[in-house]
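Engineer: from the sequence below, what's the structure:
(one chain, ligands or ions: 1)
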Amino acid sequence: MADVTKEQVLEKLKGVRGPDMDGNIVDMGLVSDVFISDSKVYFSITVPAERARELDPLRAAAERVVKEIPGVKGAMVALTADRKATPSSAPVQRPASAPSHAGHSHAGHTHAAAPGQRPAGPAKAGIPGVGAIIAVASGKGGVGKSTTSVNLALALKANGLRVGILDADIYGPSMPRLLKISGRPQQIEGRMIRPMENYGLKVMSMGFLVDEEVAMIWRGPMIQSALLQMLREVAWGDLDVLVVDMPPGTGDAQLTMAQQVPLAGAVIVSTPQDLALIDARKGLAMFRKVEVPVFGIVENMSYFIAPDTGARYDIFGHGGARKEAERIGVPFLGEVPLTIGIRETSDAGTPVVVSEPDSEITRAYREIARKVWDQISAQKADTSRAMPSIVFE
Ligand SMILES: Nc1ncnc2c1ncn2[C@@H]1O[C@H](COP(=O)(O)OP(=O)(O)OP(=O)(O)O)[C@@H](O)[C@H]1O
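Structural biologist: Numbering: from 1, shown residues only. Coordinates of the predicted model:
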């Protein structure tokens with residue numbers, strides 16, 4: 001079959017228009033350069049930042065029609081914010097007085113100003129046996145938060161740690177699929193349940209407990225109690241790190257969650273586009289509000305490596321997250337390319353860190369994991385120096 005051309009793609013995209021647009025997305029100049037490699041098509045569509053969420057169906061429609069072109073094996077479409085339309089749309093500026101504990105890990109435990117570190121009160125009591133709980137969060141959906149969570153957890157494991165993962169995304173749990181786990185967890189003594197396990201990770205997800213349709217109608221308080229139950233009534237055993245895959249977004253539910261779970265720190269996932277970065281800033285602000293240190297930002301779908309030639313393309317504006325991290329004084333943890341492999345291994349339930357342990361991408365995840373663990377260790381060293389050595393059992 002003849003190779004797919006850009007012209008064919010653009011022609012097809014002329015059939016796509018937004019809900020209230022005067023013309024199609026091509027004639028309106030919203031489609032970026034189209035990149036085709038190995039019969040897979042990549043491009044982005046520019047939209048006003050504030051309409052991103054509502055325009056996701058447009059993104060999906062563009063992806064769908066391109067996939068219909070004979071010979072196209074796949075399509076990956078991203079929404080990009082319109083720079084001109086949002087010159088000062090960064091909703092959250094770095095507050096001049098923000099505690100700078102996001103930077104290095106001596107998170108100011110000596111100051112009353114950073115109580116988020118290891119609060120002594122019972123409200124945020126840790127989980128016995130669990131060394132540190134970390135959140136993986138994103139300001140908006142679809143940036144690869146779950147993919148990052150699972151590969152980060154597996155990378156921490158590959159680096160020699162004992163790791164668990166809690167899928168806190170009640171409405172769209174993804175860990176059962178990403179880790180190819182089905183069935184229901186067993187109840188052991190009392191109210192405790194045993195976590196599920198695969199690839200050496202202890203795993204808990206709402207997806208194991210209730211059907212998605214049931215979870216959909218849950219209200220805030222039910223979700224919260226379900227989450228706390230998943231945290232505290234699961235026999236996690238001894239873990240160095242428990243990774244919490246947070247629900248996407250920065251609304252009240254996320255805020256409460258960040259408040260209730262005794263988090264050692266958070267990792268923010270963003271894509272390089274403006275749009276995702278604006279949302280990432282909201283994520284940062286949220287953790288700062290509840291005084292949880294931000295370990296840093298991971299740039300996902302950072303650049304693209306053509307599967308046939310191995311050449312690298314910065315089609316999505318690679319580097320945005322690194323710049324943003326520098327600007328706001330938060331560590332940059334690393335970048336993960338956009339590859340069909342990551343998507344396919346996720347879909348197959350064999351995340352890239354376990355299915356391609358020697359790949360460059362796995363190395364990238366392990367390096368991110370190392371940086372996160374360094375910060376956790378430094379924080380612990382700090383805390384133990386600051387605290388009298390009283391051990392709670
Ligand atoms: N680096 C990557 N390369 C290719 N595909 C990726 C990459 N990261 C994530 N994806 C794909 O993008 C999609 C969204 O990823 P994922 O579900 O992890 O995002 P999310 O932010 O958790 O989304 P949601 O808000 O829906 O939970 C998935 O199909 C995933 O396989």
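
Engineer: how is the chain divided into domains?
Structural biologist: Domain assignment for the chain by automatic domain parsing gives 6-81, 100-386.

Engineer: now the first one: how far from the chain's centre is it?
Structural biologist: To tie it back to what came earlier, the one meant is domain 6-81. Average the C-alpha atoms of domain 6-81, do the same for its chain, and the two points are 24 Å apart (C-alpha atoms, centre = their mean, to the nearest Å).

Engineer: is the ligand within reach of that domain?
Structural biologist: No. Domain 6-81 is not in contact with the ligand by C-beta under 6 Å from any ligand atom; minimum separation 6.9 Å. The way it works is simple: take the backbone N, C-alpha and C, and place the C-beta from them, glycine included.

Engineer: find the nearest non-adjacent residue to residue 326, please.
Structural biologist: Setting aside the residues directly before and after it, residue 326 is nearest to residue 332 in space (C-beta to C-beta, 6 or more residues apart in numbering), at 7.0 Å.

Engineer: how far away is that neighbour from residue 368?
Structural biologist: With distances taken as C-beta to C-beta, to the nearest Å, residue 332 is found 10 Å from residue 368.

Engineer: out of those two, which sits in the busier spot?
Structural biologist: Neighbours were counted for residue 332 and for residue 368 using other C-beta atoms under 10 Å; residue 368 has more, 24 against 18.

Engineer: and that one, backbone torsions?
Structural biologist: With angles defined as degrees, to the nearest 10, residue 368 sits at phi -60, psi -40.

Engineer: ok, back up a step: can you flag the weakest of the domains of the chain by average pLDDT?
Structural biologist: Within those, confidence is poorest for domain 100-386, with a mean of 82 (mean pLDDT).

Engineer: rewinding a little: among the domains of the chain, which is the most enclosed?
Structural biologist: Looking across the domains of the chain with neighbours counted as mean count of other C-beta atoms under 10 Å, the highest average goes to domain 100-386: a mean of 19.

Engineer: chain center to that one, what's the gap?
Structural biologist: Per C-alpha atoms, centre = their mean, the displacement of domain 100-386 from the mean C-alpha position of its chain is 6 Å.

Engineer: wait, the residue nearest to residue 326 sits on residue 321?
Structural biologist: Yes. Counting by C-beta atoms under 8 Å, residue 321 is a contact partner of residue 332 at 6.8 Å.

Engineer: need the residues touching each of these two.
Structural biologist: With C-beta atoms under 8 Å, 6 or more residues apart in numbering applied, the overlap between the contact sets of residue 332 and residue 321 consists of 297, 299.

Engineer: and the helix or strand where residue 207 lies, what other elements does it pack with?
Structural biologist: When secondary structure is defined using DSSP states H and E, the element that contains residue 207 is helix 206-209. Using 3 or more C-beta pairs under 8 Å, 6 or more residues apart in numbering; DSSP states H and E as the contact definition, the elements that helix 206-209 packs against are helix 175-178, helix 220-232.

Engineer: briefly note if it comes near the ligand.
Structural biologist: No. With C-beta under 6 Å from any ligand atom as the criterion, the ligand is not reached by helix 206-209; the gap is at least 11.9 Å.

Engineer: in CSV, could you pull the C-alpha coordinates for that helix?
Structural biologist: C-alpha atoms of helix 206-209 as CSV (Å, rounded to 0.1, in the frame of the first residue of the first chain):
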residue,chain,number,x,y,z
MET,A,206,-11.2,0.8,43.3
GLY,A,207,-11.4,-1.1,40.0
PHE,A,208,-11.0,-4.3,42.0
LEU,A,209,-13.7,-3.5,44.4
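
Engineer: from the centroid of the protein, which residue is nearest?
Structural biologist: Taking C-alpha atoms, centre = their mean, the centroid of the chain lies closest to residue 145, which sits 1.9 Å from it.

Engineer: pairing partners for the strand of greatest length in the chain, with directions?
Structural biologist: Across the chain, the longest stretch assigned as strand under DSSP state E is strand 294-305. Paired with strand 294-305 in the same sheet, following DSSP bridges, are strand 265-270 (parallel), strand 312-313 (antiparallel), strand 332-338 (parallel).

Engineer: what does the last one contact?
Structural biologist: Right, the one you point to is strand 332-338. Counting by C-beta under 8 Å, 6+ apart, strand 332-338 makes contact with 42, 76, 144, 148, 151, 267, 295-305, 312, 316, 318, 321-322, 325-326, 342, 361, 364-365, 367-368, 371-372, all of which sit outside it.

Engineer: does any bit of that strand sit next to the ligand?
Structural biologist: Yes. Part of strand 332-338 sits close enough to the ligand to count as contact by C-beta under 6 Å from any ligand atom, namely 336, 338.

Engineer: now do the following helix or strand past that strand: which elements does it pack against?
Structural biologist: Where DSSP H and E defines the elements, the next helix or strand beyond strand 332-338 is helix 340-348. Counting contacts by 3+ C-beta pairs under 8 Å, 6+ apart, the secondary-structure elements packed against helix 340-348 are helix 145-158, helix 352-355.

Engineer: if you set the cut-off to 10 Å instead, what comes out?
Structural biologist: Counting by 3 or more C-beta pairs under 10 Å, 6 or more residues apart in numbering; DSSP states H and E, the packing neighbours recorded for helix 340-348 are strand 74-81, helix 145-158, helix 175-178, strand 294-305, helix 352-355, helix 360-386.

Engineer: how much does the longest one deviate in direction from strand 332-338?
Structural biologist: If I follow you right, that is helix 360-386. For helix 360-386 against strand 332-338, the angle by axes from the mean of the first three to the mean of the last three C-alpha atoms, to 10 degrees is 160 degrees.

Engineer: also the second one?
Structural biologist: With the same axes, to 10 degrees applied, the angle from helix 145-158 to strand 332-338 works out at 110 degrees.

Engineer: helix 145-158 to helix 340-348, inter-axis angle?
Structural biologist: Taking the same axes, to 10 degrees, one finds that helix 145-158 is oriented at 90 degrees with respect to helix 340-348.
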